[in-house]
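>>> Have a look; sequence and predicted model below, questions after that.
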Amino acid sequence: MATFKDFRNKIKPNWCPGCGDFSIQAAIQRAAANVGLEPEDVAIVSGIGCSGRISGYIHAYGFHGIHGRALPIAQGLKMANRELTVIASGGDGDGFAIGMGHTVHAIRRNMNITYIVMDNQIYGLTKGQTSPRSAFGFKTKSTPEGSVEDALSPLELAMAAGATFVAQSVSSNIKQLTRLIEEGIKHDGFSFINVFSPCVTFNKINTYDWFKEHIVDLDEEEAYDRSNRTLAMTKIMETGSLACGLIYQDQTKKSYEQVVSGFKPEPLAKQDIQLTKKQFEQL
Ligand code: SF4
Ligand code: MG
């Protein structure tokens, strides 16, 4: 049986020392091993950004996609090979700006994919611009006088889109994050996990200390019924979207694979597909 070390490869990440993305990489590797997967069972699909490099740093199948398009690629992979555990990841700019349309529709489609947003509340790769997750008044090169827009709430967005699994964590809490990724992988449907991942180089506001002071760890709070949508929304609103832990899970809604007829359980490569000459020519 594989251990987390089997999900390591020889590539040294070129993230800045202290970047939150290191812990997310480690949490994915640990979670995959903990749920009994082998590297060949897993595909990591990423978008563009510092976060996008993650697909190259894990020993599994990897696809470094294009900006904002990790989710369409991940869904295509899942449709072609239902046996794969597909994990999509990308930054807040990737998922909530250029890729926003895909994010909303992938959530409501409820395909068996785990989507991890590496949320640093800024554009890191392009050296520090305001993202849809930057707070009102946040000063960067693109908003030198402060952002005039409010930050988007990933949790409210996911709930509004009809997510069946909504969780949030912070990269400094690798134990909680690993557990949430494990639960997300096991969830039958789309699992949305937003992870605060401090950009130590360009975001001097939302630091590890800032999160330590501001997040509300649901694991330390009184338990509530996680399948209750109203309670989950209340928790999100009460904490200003800073709740960490499993926030909402609906285990009754059928996944896309269950609903769509003709979605065969075995990979396309193993299916005996006989195309007619006309179908072949239309490919
Ligand atoms: Fe991480 Fe920020 Fe450095 Fe990118 S620029 S690797 S997000 S610390
Ligand atoms: Mg970002």
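It's in. Here the structure is a predicted model, which is why all the values come from computation and not from measurement. Ligands and ions are numbered 1, 2, ... in the order given.
>>> buried sites along stretch 216-223?
For stretch 216-223, burial by neighbour count (16 or more other C-beta atoms under 10 Å) applies to 216, 218. Placement of C-beta: from N, CA and C, glycine included.
>>> can you count the residues close to the residue nearest to Tyr256 when sequence neighbours are not counted?
The shortest distance from Tyr256 to any non-neighbouring residue, by C-beta to C-beta, 6 or more residues apart in numbering, is to Met111 (4.1 Å). Neighbour count of Met111, defined by other C-beta atoms under 10 Å: 21.
>>> which residues of this protein fall in strands?
42-46, 61-64, 85-91, 113-119, 165-170, 191-196, 216-217, 243-249 (DSSP state E).
>>> and those strands as CSV, adding mean pLDDT?
Shown next, in CSV, are the strands of the chain (pLDDT from 0 to 100):
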stretch, mean pLDDT
strand 42-46, 98
strand 61-64, 97
strand 85-91, 98
strand 113-119, 98
strand 165-170, 98
strand 191-196, 98
strand 216-217, 98
strand 243-249, 98
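>>> Put together JSON lines for those strands, with distance to Lys5 on each row.
Listed next are the strands of the chain as JSON lines, based on distance: least, C-beta to C-beta, whole Å:
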{"stretch": "strand 42-46", "distance to Lys5": "15"}
{"stretch": "strand 61-64", "distance to Lys5": "17"}
{"stretch": "strand 85-91", "distance to Lys5": "18"}
{"stretch": "strand 113-119", "distance to Lys5": "21"}
{"stretch": "strand 165-170", "distance to Lys5": "23"}
{"stretch": "strand 191-196", "distance to Lys5": "22"}
{"stretch": "strand 216-217", "distance to Lys5": "29"}
{"stretch": "strand 243-249", "distance to Lys5": "27"}
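>>> closest to ligand 2 out of those?
Ligand 2 sits nearest to strand 85-91 of all the strands of the chain, at 3.6 Å, using C-beta to the ion.
>>> ok, now how distant is the residue sitting nearest the centre point of the chain from Ser23?
In the chain, the centroid-proximal residue (C-alpha atoms, centre = their mean) is Ile116; its distance is 1.3 Å. Separation of Ile116 from Ser23 (C-beta to C-beta, to the nearest Å) stands at 12 Å.
>>> before we move on, the earlier item: how about the residue nearest to the centre of the chain: what's its closest non-neighbour residue?
Nearest non-adjacent residue to Ile116 (C-beta to C-beta, 6+ apart): Ser89, at 4.4 Å.
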